[in-house]
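**Student:** From the sequence below, what's the structure:
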Amino acid sequence: MVDRKAVMKVFETIKPLFVEHEGNFEVKEITDDGVVKVKLIGTCQLCIYKEKTTKAIEAMLKKEVPGVKKVQAI
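**Tutor:** Model (predicted):
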């Protein structure tokens, strides 16, 4: 099981970067099998780098939070 508080702590550290570019995100679900589902908001929704951003978040979460296997933009 993934520690939701640890996931949210990581997201709080990166949130200012999203807001700075008039975007944001919502964590919609953290599954028992380690999938973190996020909804990108604002400019992030339409950004051509959305996939790279999602992969960067995934790498950070995998490093910082045991049990995270994937980040999925929904």
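**Student:** Name the helix or strand of this structure that has the lowest mean pLDDT.
**Tutor:** Among the helical and strand segments of the chain, the one scoring lowest on mean pLDDT, DSSP states H and E is helix 43-46, with a mean of 83.
**Student:** contacts for that one?
**Tutor:** 18, 21-25, 50, 53 (C-beta atoms under 8 Å, 6 or more residues apart in numbering). C-beta here means a position set from N, CA and C on the backbone, and glycine is covered the same way.
**Student:** Nearest to the spatial middle of the protein, which residue is it?
**Tutor:** I57 (5.1 Å; C-alpha atoms, centre = their mean).
**Student:** That residue contacts V71, correct?
**Tutor:** Yes. Distance between I57 and V71: 5.0 Å, which falls inside the contact criterion (C-beta atoms under 8 Å).
**Student:** Need the overlap of contacts for the two.
**Tutor:** Common neighbours of I57 and V71, using C-beta under 8 Å, 6+ apart, are V38.
**Student:** Give the rounded mean pLDDT of the following helix or strand past the least confident helix or strand of the chain.
**Tutor:** Beyond helix 43-46 in the direction of the C-terminus, DSSP states H and E gives the next helix or strand as helix 50-64. Rounded to a whole number, the mean pLDDT of helix 50-64 is 92.
**Student:** Identify, by residue count, the longest helix of the chain.
**Tutor:** Longest helix in the chain by number of residues, with DSSP state H as the criterion: helix 4-20.
**Student:** Can you name every helix or strand that that helix contacts?
**Tutor:** Using 3 or more C-beta pairs under 8 Å, 6 or more residues apart in numbering; DSSP states H and E as the contact definition, the elements that helix 4-20 packs against are strand 23-30, helix 50-64.
**Student:** These into a markdown table, with extra columns for distance to K5?
**Tutor:** What follows is the helices and strands packed on helix 4-20, written out as a markdown table (distance: least, C-beta to C-beta, whole Å):
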| stretch | distance to K5 |
| --- | --- |
| strand 23-30 | 10 |
| helix 50-64 | 12 |
